[in-house]
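[1] quick one: sequence plus predicted model below, questions after.
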Amino acid sequence: MFYLKKANTFQGVSFQELAQQFGTPLYLYDEQMIRAQCQTFLSNFVHPFVRSEVIYASKAFLTKAMATLIHQEGLSLDVVSGGELFTAVQGKFPVNRLYFHGNNKSRKELLEAIEAHVGTIIIDSEAEFLLLQSILPNNTNQRVMLRINPGIEAHTHEYIQTTKNDSKFGESIFADSTMSLISRISKDSRFDFVGLHSHIGSQIFEESSFYEHSRAVLRYVKAITVQTKVVVKEINLGGGFGVEYTSADQGIDLIEVLPKMLDTIYQAAMDLEIAIPKVLIEPGRAIVAQAGSTLYEVGSTKQTVEGKNYLMVDGSMADHIRTALYQAIYDAVLISDREISSSSVYTVAGKACESGDVLIRSIQLPQAQAGDYLLVKTTGAYHYSMASNYNRLTKPAVVFVNNGVCRVVVKKETYADLIRLDVDMEE
Ligand SMILES: Cc1ncc(COP(=O)(O)O)c(C=O)c1O
């Protein structure tokens with residue numbers, strides 16, 4: 001438990017200055033840290049005999065500037081909706097390095113992807129294959145992968161576990177129809193079937209899950225090779241690399257795990273006597289979570305008759321939904337210019353009209369007062385991208401800070417933005 005004097009800084013800029021200049025709540029990103037994480041992935045996901053590619057899963061955090069940054073760092077980009085695709089294109093991301101995911105892409109979204117010349121479309125189901133067949137022009141040769149469900153249960157929150165057998169994502173490797181779907185895709189000349197995609201979940205801490213997953217996908221590649229003679233050139237193993245939100249978490253050691261994943265593939269390919277596919281991964285959270293923090297101003301504190309201490313901040317579940325959604329746990333630091341000698345255990349609550357509007361269920365902090373600031377850490381992933389306007393609260397600005405230099409990448413919303421699309425009732 002500790003607090004920072006207001007004079008303390010976020011990458012060289014004082015919190016007071018940040019709050020005054022950009023308002024609170026405020027999403028702050030350490031730009032150098034995002035870039036360094038990109039390079040950690042690129043430089044460690046390598047193997048002498050296995051080709052590899054790193055794709056950033058933009059659902060974790062996407063803006064036009066972020067798309068540009070990811071391009072500058074040399075990663076590919078995964079999008080899951082027409083909106084993410086549009087943002088990536090507007091951020092001048094090269095379309096041939098885009099991967100278009102999603103379990104229920106609409107006809108309109110698929111047409112947009114085809115028109116934009118998206119590099120790879122990940123087909124999620126037979127229904128989507130039929131839809132694509134009906135809209136792909138005759139002279140195309142669209143690069144596609146098929147999302148499979150290998151039925152592996154990653155040890156993580158059930159809402160972010162994606163390959164249980166009854167998951168809505170992908171086609172099961174235990175269904176015979178999946179094998180025939182692969183044959184059908186590869187026989188249609190408008191499709192360039194390059195391989196399989198599979199993602200077992202998010203915020204995974206057990207490294208064995210990644211190796212088990214790699215081997216399961218390769219066993220299925222072997223089955224495809226034997227049963228259909230279709231060549232699987234590439235496999236995309238998704239994201240899910242767990243990160244530390246508090247000191248109780250032990251994040252995935254990327255430097256150890258990334259090359260080991262590729263070696264697992266290499267060994268499995270040797271054992272199964274199949275050609276070594278190119279291996280792709282799609283981290284989202286592990287690239288941006290720790291680079292981001294949210295700055296709030298403390299509005300008030302309140303003790304209930306039962307003795308619960310609330311610390312109320314000027315944000316809410318509208319800018320921080322993961323606690324309500326996944327019971328996620330966060331660390332925070334109080335920023336004050338007072339000398340504080342006592343502490344309290346607080347529930348950090350927001351200003352939304354919901355009892356569930358809690359950002360941190362329990363945290364020991366120095367005794368707070370109105371006017372102090374609270375910096376909630378590790379909010380870089382799935383915060384801005386999951387933000388809403390509940391209670392007509394305006395979304396915070398997003399600022400990249402790099403060695404003392406601030407770059408606004410998303411402006412703070414105004415009340416006018418809130419009614420921009422409203423249509424007046426005729427009098
Ligand atoms: C298909 C796919 N790829 C990648 C990711 C990124 O996962 P993470 O942010 O845990 O790395 C997700 C997250 O849900 C996903 O669904």
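    Cool, the structure landed.

[2] how deep is whichever residue of the stretch 101-250 of the chain sits closest to the ligand tucked in, by neighbour count?
    Nearest to the ligand in the stretch 101-250 of the chain, going by CB to the nearest ligand atom, is G239, at a distance of 2.5 Å. Just so you know, the C-beta spots here come from the backbone N, C-alpha and C atoms, and that holds for glycine as well. The local packing of G239 (other CB atoms under 10 Å) involves 24 other residues.

[3] again with S177
    11.

[4] surely it meets F129?
    No. Counting by CB atoms under 8 Å, S177 does not reach F129; the two are 11.2 Å apart.

[5] quickly list what E53 is bridged to.
    Note on E53: beta-bridge partners by DSSP bridges are L280.

[6] quick check: it touching K278?
    Yes. Contact criterion CB under 8 Å: E53 and K278 qualify, at 6.8 Å.

[7] close to the ligand, is the longest strand along the chain?
    Determined from DSSP state E, the single longest strand within the chain is strand 292-303. No. Applying CB under 6 Å from any ligand atom, one finds strand 292-303 separated from the ligand by no less than 12.8 Å.

[8] can you name the next helix or strand after that strand?
    Going down the chain from strand 292-303, the next helix or strand is strand 309-313, by DSSP states H and E.

[9] within range of the ligand, give me the residues from the stretch 201-350 of the chain.
    So the stretch 201-350 of the chain meets the ligand at 202-203, 238-241, 282-286 (CB under 6 Å from any ligand atom).

[10] which residues do S177 and F129 both contact?
    Contact with both S177 and F129 is made by no residue, according to CB atoms under 8 Å, 6 or more residues apart in numbering.

[11] what bits of the chain have low per-residue confidence?
    For the chain, the stretches flagged by pLDDT under 70 are 1-7, 153-165.

[12] mind giving me the domain ranges of it?
    In the assignment given by automatic domain parsing, the structural domains of the chain cover 3-28+291-418, 45-288.

[13] and the end-to-end length of the last one?
    End-to-end span of domain 45-288 (CA to CA, to the nearest Å): 17 Å.

[14] what residues are up against the most centrally placed residue in the chain?
    In the chain, the centroid-proximal residue (CA atoms, centre = their mean) is A60; its distance is 2.4 Å. By CB under 8 Å, 6+ apart, A60 lies in contact with 284-285, 287-289, 380-382, 385.

[15] give me the subset of the residues you listed lying in helices.
    When those are checked against helices (DSSP state H), the matches are 285, 287-288.

[16] wait, I329 sits on T246?
    Yes. I329 is in contact with T246 according to CB under 8 Å; the separation is 5.6 Å.

[17] before we move on, the earlier item: the residue nearest to the centre of the chain and the ligand, how far apart?
    Here the criterion is CB to the nearest ligand atom, to the nearest Å. By it, A60 lies 5 Å from the ligand.

[18] what's the following helix or strand after the lengthiest helix in the chain?
    If each helix of the chain is counted by residues according to DSSP H, the longest one is helix 207-228. Downstream of helix 207-228, the next assigned helix or strand under DSSP H and E is strand 234-236.

[19] chain center to that following strand: distance?
    Computed by CA atoms, centre = their mean, to the nearest Å, the chain-centroid distance of strand 234-236 equals 19 Å.

[20] check which helices and strands that strand sits against.
    strand 191-197, helix 207-228, strand 278-281 (3 or more CB pairs under 8 Å, 6 or more residues apart in numbering; DSSP states H and E).

[21] redo these as JSON lines? Include mean neighbour count.
    Shown next, in JSON lines, are the helices and strands packed on strand 234-236 (neighbours: other CB atoms under 10 Å):
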{"stretch": "strand 191-197", "mean neighbour count": "23"}
{"stretch": "helix 207-228", "mean neighbour count": "19"}
{"stretch": "strand 278-281", "mean neighbour count": "22"}
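
[22] nearest to G119, out of the ones you listed?
    Across these, G119 has its closest neighbour in strand 191-197 (10.3 Å, CB to CB).

[23] can you lay out the ones in helices among the contacts of A60 as a markdown table showing neighbour count and distance to G356?
    Below are these laid out as a markdown table (neighbours: other CB atoms under 10 Å; distance: CB to CB, whole Å):
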| residue | neighbour count | distance to G356 |
| --- | --- | --- |
| R285 | 25 | 23 |
| I287 | 32 | 29 |
| V288 | 31 | 25 |
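
[24] looking at those, spot the one nearest Q16.
    V288 (25.2 Å).

[25] surely that closest one meets I34?
    Yes. Between V288 and I34 there is a contact under CB under 8 Å: 5.8 Å.
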